[in-house]
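Peer 1: okay, here's the prediction I keep looking at, along with the sequence it came from:
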Amino acid sequence: MKKSHAVDGFITMKGFDLNLLNVFEAVYLYGSVTTTANVLSTTPAAISQALGRLRVYFGDPLFIRQGQGLKPTINATYIHEKLGGTYDDLVSQFHDLKNENDNENKNKLVINCSLLVTTRILGPLIKIMDNISPKSHLVHDNNNNSVESVDDVLTFRKADIVFDVSPHSNMSRNTYKIYEEQFIAVCSQSHPRLKNTFMFSDIPNEIFVSITSDSTEISAAKTEIENAINMQRNFRFQVTSVMAALSFVEQSDAVAFVPVSAFNKYKECYNLKMLETEFLLPSVPIYMVYNKSALNSPFLAKVVSGLQEHFSLPY
């Protein structure tokens, strides 16, 4: 029933510019086209045009010139009285909603990055936000492994800051490399063959975990690892996250290549050990990217400055 009522309302108001109500109320209160134009930050000609449309819609002169001002007709007074409470309530509600939205968004930060990056970012970020505004609000969203999608996130203001492996060079954006994610080889502490090192000669004899994650840093690292090893491997397990890879490694004799930050954080939980390799494993850069215009927000500017200071970046 409510939906039907709302549809009826749209049909009734079809073709009517609700901005005309502001004009009507202002002319009724001030009795002057010039004063109304000043109050509404427009021109007397625009007000006169709006009054013409109102007169056509209501089929009434609405306001009659009297001396230097305008006097409402009986019909205009009736319209004002009928609209009065509803119009005042609408203005009040709109004002409250605007203030609530401004207050809510004033110290709100939306970041876009993979779950892996959050393990390095969230700790310092939350401390920085707490120092700036203890009641600030943080929202995390995932990116989905494409430069185009991250560009879309920034262009349409879906996030304030993006953390990604790509610098996203753009005249309207700032990009800083905040750290590099080093990848390492890991296996179970109880692995029957591998002790402390992992050699080229070990590769044909071992099984591996493949991480098919949408994370940009995982995708970039996989390419570098393939180039470094350049050898056919036996992938027995396929997972979609680093956490799943660590779990598979713990429960099997498999080897996985994972970020050192993930290993350091979960090595005790998953009973893992790091292997030295005779081949060089990649490190993947992580960039902080944001729109330059976002620095117009004092809160965001302080957050960016705090992150730069934490990661020892030039400001």
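Peer 2: It's in.
Peer 1: so which residues of the chain form strands?
Peer 2: Counting by DSSP state E, residue ranges of the strands within the chain are 63-66, 69-72, 108-112, 137-141, 161-164, 173-188, 197-198, 207-211, 234-239, 256-259, 272-277, 283-291.
Peer 1: adjacent strands (with direction) for the third one?
Peer 2: Using DSSP bridges, the strands paired with strand 108-112 are strand 137-141 (parallel), strand 161-164 (parallel).
Peer 1: show me the protein divided up by domain.
Peer 2: For the chain, the structural domains run 2-105, 108-177+286-310, 179-284, going by automatic domain parsing.
Peer 1: those: lowest mean pLDDT?
Peer 2: Set side by side, the domains of the chain differ in mean pLDDT, and domain 2-105 is lowest with a mean of 76.
Peer 1: I'd assumed V27 was in contact with I79.
Peer 2: No: here I79 lies out of contact with V27, judged by CB atoms under 8 Å, at a distance of 11.5 Å. The way it works is simple: take the backbone N, C-alpha and C, and place the C-beta from them, glycine included.
Peer 1: neighbour count for those two, which is higher?
Peer 2: Neighbours were counted for I79 and for V27 using other CB atoms under 10 Å; V27 has more, 26 against 20.
Peer 1: give me phi/psi at the residue nearest to P192 when sequence neighbours are not counted?
Peer 2: Nearest non-adjacent residue to P192, counting by CB to CB, 6 or more residues apart in numbering: D253, 6.4 Å away. Backbone torsions of D253, given as degrees, to the nearest 10, read phi -100, psi 20.
Peer 1: picking up where we left off before, format the strands of the chain as TSV; extra columns: distance to F311 and mean neighbour count.
Peer 2: Shown next, in TSV, are those (distance: least, CB to CB, whole Å; neighbours: other CB atoms under 10 Å):
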stretch	distance to F311	mean neighbour count
strand 63-66	64	13
strand 69-72	64	17
strand 108-112	15	20
strand 137-141	18	13
strand 161-164	11	26
strand 173-188	4	19
strand 197-198	30	17
strand 207-211	25	20
strand 234-239	29	14
strand 256-259	16	24
strand 272-277	24	17
strand 283-291	8	20
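Peer 1: export the ones you listed to TSV and tack on distance to D130?
Peer 2: As requested, the strands of the chain are exported to TSV (distance: least, CB to CB, whole Å):
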stretch	distance to D130
strand 63-66	57
strand 69-72	56
strand 108-112	12
strand 137-141	10
strand 161-164	17
strand 173-188	19
strand 197-198	41
strand 207-211	33
strand 234-239	34
strand 256-259	26
strand 272-277	32
strand 283-291	19
